[in-house]
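K.L.:
What follows is a predicted structure for the sequence shown.
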Amino acid sequence: MSLFDRSRASDFSARRIILACALALSLGGCVHPIYGAFGAPGLVEELQAIKVEPMPDRLGHYLANELMFALNGTGSDVAPKYRLFVSFKERAQTPVIDTVTGRATSASVIVDAEWSLMPIAGGEPVARGVAFGAVSYDRTLQRISNVRAARDAETRNAKMLADQIRQQIAAQFSARG
């Protein structure tokens with residue numbers, strides 16, 4: 001390759017980099033956070049006005065706590081306008097089995113959650129949706145380690161589901177008005 005060909009190739013690469021940077025800078029102002037300072041007006045206040053209804057079982061306790069924090073992490077006492085009902089189904093799967101011992105070496109905790117947001121006064125749901133979470137963990141020969149790992153997977157699932165539900169509610173509120 002001659003010196004002339006090398007300089008043409010580097011000029012072409014430089015042009016491509018400059019073009020990519022120009023495109024990135026021009027699109028930088030097009031994205032606004034859904035619940036940040038530029039989100040829909042009053043969205044944060046609407047999310048804070050959601051009362052999370054109690055849920056059964058240990059996962060329900062974790063999920064309710066995560067939702068309360070996700071919707072109103074400020075700790076301020078806001079008069080509720082909505083009630084959030086969540087029902088879920090939890091199951092465990094063991095996708096990997098050790099062929100020598102016949103024991104599971106990993107497991108997955110899978111949760112399907114359906115939620116609906118009802119006005120405090122009653123009536124039709126304001127919003128509804130579905131969230132899904134699947135978290136894997138390693139299993140060992142020690143039983144107590146397996147129990148603790150399964151509980152950690154439940155708490156990670158609760159956090160994931162709470163984030164999904166919050167984002168879905170925020171998106172539906174933003175689209176509404």
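P.N.:
Yep, that arrived.
K.L.:
Out of the helices and strands in the protein, which is least certain?
P.N.:
Sorting the helices and strands of the chain by mean pLDDT, DSSP states H and E puts helix 3-27 at the bottom, at a mean of 67.
K.L.:
burial of Ala149, as a residue count?
P.N.:
Ala149: 19 surrounding residues under other CB atoms under 10 Å. From N, CA and C alone the C-beta is placed, and that goes for glycine too.
K.L.:
Can you name every helix or strand that the helix ranked longest in the chain contacts?
P.N.:
For the chain, the helix with the greatest residue count under DSSP state H is helix 143-176. When contacts are defined as 3 or more CB pairs under 8 Å, 6 or more residues apart in numbering; DSSP states H and E, helix 143-176 sits against helix 43-48, helix 57-71, strand 82-97, strand 104-119, strand 127-138.
K.L.:
What mean pLDDT does that helix get?
P.N.:
Helix 143-176 carries an average pLDDT of 94.
K.L.:
Residue ranges of each domain in this structure, please.
P.N.:
1-31, 41-176 (automatic domain parsing).
K.L.:
how long is the longest one end to end?
P.N.:
From the first residue to the last, domain 41-176 extends over 11 Å; the measure is CA to CA, to the nearest Å.
K.L.:
Distance from the chain centre to it, please.
P.N.:
Computed by CA atoms, centre = their mean, to the nearest Å, the separation of domain 41-176 from the middle of its chain amounts to 9 Å.
K.L.:
number of nearby residues for the residue lying closest to Lys89 once chain neighbours are set aside?
P.N.:
Computed as CB to CB, 6 or more residues apart in numbering, the closest residue to Lys89 that is not its neighbour in sequence is Asp112, at 5.0 Å. Residues contacting Asp112 under the criterion other CB under 10 Å number 15.
K.L.:
All set, thanks.
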